[in-house]
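Participant: this is a predicted model, with the sequence first.
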Amino acid sequence: MMLEVLQHTPRWVYAVFAVVLYTGISACFRSNQSPRDIAILPLVFAGLMIFGLDPKSSALLWLLLIEIGALSLGAALSVAYYSRRPVTFDSIRQKIGVPGDPAVLTFSLMFFAAKYWVGYQRAVAGMDASTLDSIDAFVSGLAVGVFLARAGLLLRRYYALRRASIQSAQAIP
């Protein structure tokens, strides 16, 4: 049965999986990131969350409330986890050094797996649509909350370290 499911999965899903896997594994290792690099991941996931909503759904308000609640939970988890993680600043390249972290891989794969499972359930199993929409909204909101809060914390640190670097460079005669 599972082999049959995988055989009927569209090829673009495998390409998306490869990108998610590559991005998540890359995040497991230390990297230097610019503000643009930091902002890309949460914007992509936020876009997927927004475009994943059906505007014609009778439960749109309920789904938005689930997403906002899950987003808040994800942001709180992210702040608790990432606020103590050390970062460095490369004043020459104007990038922030971010330590490797498996949480990005974990949440990216969770997001992909939930979307894949919901898509499978819609296509094959015929599970209740409102339950699937609620699961999708929760997982999407949670992942977006984690990534948005992480990006916010990293950007705040980036600009604080950059400001301190500029001030220390100006103080040197």
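Facilitator: That came through fine. Because the structure is predicted, anything quoted here is derived from the model rather than measured.

Participant: in contact with the residue nearest the centre of the chain, which residues?
Facilitator: Central residue of the chain (CA atoms, centre = their mean): F147, 4.0 Å from the mean position. F147 makes contact with L41, P42, F45, A46, G74, S78, V104, F107, according to CB atoms under 8 Å, 6 or more residues apart in numbering. To be clear about C-beta, it is placed using only N, CA and C from the backbone, and glycine gets the same treatment.

Participant: how about 7 Å then?
Facilitator: By CB atoms under 7 Å, 6 or more residues apart in numbering, the residues touching F147 are L41, P42, F45.

Participant: just give me the closest of the residues you listed to F112.
Facilitator: Among the contacts of F147, F45 lies closest to F112 (CB to CB), at 10.6 Å.

Participant: state the distance from the closest one to G52.
Facilitator: To G52, F45 is 10 Å away according to CB to CB, to the nearest Å.

Participant: looking at these two, which is more packed in?
Facilitator: Neighbours per residue (other CB atoms under 10 Å) separate F45 from G52, with F45 holding more: 20 against 15.

Participant: looking at it, that one is touching A143, isn't it?
Facilitator: Yes: here F45 reaches A143: they are 5.6 Å apart, a contact under CB atoms under 7 Å.

Participant: where does the prediction get shaky in the protein?
Facilitator: 1, 172-173 (pLDDT under 70).

Participant: all strands of it, in order?
Facilitator: 31-33, 88-90, 95-98 (DSSP state E).

Participant: what's the most buried one of those strands?
Facilitator: Neighbour counts averaged per stretch over these are highest for strand 95-98, at a mean of 20; criterion: mean count of other CB atoms under 10 Å.

Participant: what's that one in contact with?
Facilitator: Contacts of strand 95-98 (CB under 7 Å, 6+ apart): 30-34, 87-90, 154, 157-158, 161.
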